[in-house]
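Undergrad: Sequence and predicted structure below; questions after.
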Amino acid sequence: MNTPLILKITDARYEHDLVLRLTFNNGEVKFCDFLPLAQKGICTKLQNMEYFRNFRLDPFTVDWNNEIGFAPEFLLQHSQTTI
């Protein structure tokens, strides 16, 4: 029986501006530009570069101060293979 893969981000690195390089446990490496996501609500905090660079990995995804996080599936869909 095949168990479905639970998608996780295994590594995240700051690239530039509001872009992170994300490594997923399915082997994909993608670049996510958070600028479009940082335009509304609590996500506007991501526009502060000190706050943006102070992310961490939780067991599944990138997290900012337990306030902002996105599902790995969402980040995979909204990322590109190149900058």
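TA: Yep, that arrived.
Undergrad: Quick one, grab the pLDDT at the closest residue to E67 other than its chain neighbours.
TA: Once flanking residues are discounted, E67 sits nearest to I42: 6.3 Å by C-beta to C-beta, 6 or more residues apart in numbering. Bear in mind the C-beta positions are built from the backbone N, C-alpha and C, glycine included. For I42, the pLDDT comes out at 96.
Undergrad: Distance-wise, check the nearest residue to V19 once chain neighbours are set aside relative to P59.
TA: Once flanking residues are discounted, V19 sits nearest to D33: 4.9 Å by C-beta to C-beta, 6+ apart. Noted for D33: a distance of 24 Å to P59, by C-beta to C-beta, to the nearest Å.
Undergrad: neighbour-wise, which of those two wins?
TA: D33 (17 against 8; other C-beta atoms under 10 Å).
Undergrad: how close does the more buried one get to L5?
TA: D33 sits 25 Å away from L5, going by C-beta to C-beta.
Undergrad: How about the contacts made by the residue nearest the centre of the chain?
TA: The centroid of the chain falls nearest to V62 when counting by C-alpha atoms, centre = their mean (4.9 Å). Contact analysis of V62 by C-beta atoms under 8 Å, 6 or more residues apart in numbering lists I9, A12, L20, L22, F55, R56, G69, F70, L75.
Undergrad: if we go to 7 Å?
TA: Shown in contact with V62 (C-beta atoms under 7 Å, 6 or more residues apart in numbering): I9, A12, L20, F55, G69.
Undergrad: Specify which member of those residues is nearest to T82.
TA: Minimum distance to T82 across the contacts of V62 is 14.0 Å, recorded for L20 (C-beta to C-beta).
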